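Novice: Dropping the sequence and predicted coords here.
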Amino acid sequence: MTRLAAFQRVVSQYADIADSLLVYIEEAHPSDGWVSSDAPYQIPKHRCLEDRLNAAQLMLSEVPGSNVVVDNMDNSSNAAYGAYFERLYIVRDERVVYQGGRGPEGYRISELRNWLEQYRNDLMNSQTAVLHV
């Protein structure tokens, strides 16, 4: 199973408690740069925002129905979150509450799943009933 497929499975499993967003950043292995032998697509380095938007369409085709946005050409999201090459985050109330390791080695979908499962359990255990007498 690909990472995107595993991510999409977690997104579906926890859709009742979390929204998801994929941010497409600069291409890690552009076809006109540091080429990866196992890259599923040949995507050249983005020269303009339109190039990046076109590449993000390929990602969207891998995870239909997901919310996908693109980083700007200054790569400010990538710089702010240290996401290069790929990274998992959970943001709650405008604060990062989970930061996964840098991919590909540090990418642990199981950690994301565990965090969300604990959060779901915490939500279920904290719910209180209000009785009107």
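Specialist: Now that the structure is in, tell me what you want to look at.
Novice: what about the strands in this structure?
Specialist: Counting by DSSP state E, the chain has strands at residues 22-24, 68-70, 89-92, 95-99.
Novice: quick one: the second one to chain centroid distance?
Specialist: It refers to strand 68-70. Computed by C-alpha atoms, centre = their mean, to the nearest Å, the chain-centroid distance of strand 68-70 equals 10 Å.
Novice: next one: the first one
Specialist: Using C-alpha atoms, centre = their mean, we find the averaged C-alpha position of strand 22-24 to lie 6 Å away from the chain's own average C-alpha position.
Novice: helices or strands up against that strand?
Specialist: Strand 22-24 is packed against helix 49-62, strand 68-70, with contacts defined by 3 or more C-beta pairs under 8 Å, 6 or more residues apart in numbering; DSSP states H and E. (Each C-beta comes from the backbone N, C-alpha and C, glycine too.)
Novice: Same list (those) but as TSV, adding mean neighbour count, mean pLDDT and distance to G100.
Specialist: Formatted as TSV, these follow (neighbours: other C-beta atoms under 10 Å; pLDDT from 0 to 100; distance: least, C-beta to C-beta, whole Å):
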stretch	mean neighbour count	mean pLDDT	distance to G100
helix 49-62	15	91	18
strand 68-70	16	94	18
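Novice: These: which one's closest to E86?
Specialist: E86 lies closest, by C-beta to C-beta, to one member of the helices and strands packed on strand 22-24: helix 49-62, at 10.9 Å.
Novice: ok, the spatially most central residue of the chain - contacts?
Specialist: Centroid-nearest residue in the chain, with C-alpha atoms, centre = their mean: L22, separated by 4.2 Å. L22 sits next to 7, 59, 63, 66-69 when contact means C-beta atoms under 8 Å, 6 or more residues apart in numbering.
Novice: closest to E105 among those residues?
Specialist: Nearest member of the contacts of L22 to E105, counting by C-beta to C-beta, is F7, at 16.6 Å.
Novice: Point out the most buried one among the strands of the chain.
Specialist: Ranked by mean neighbour count under mean count of other C-beta atoms under 10 Å, these are led by strand 22-24, which reaches a mean of 19.
Novice: What mean pLDDT does it get?
Specialist: Taken as a whole, strand 22-24 has a mean pLDDT of 91.
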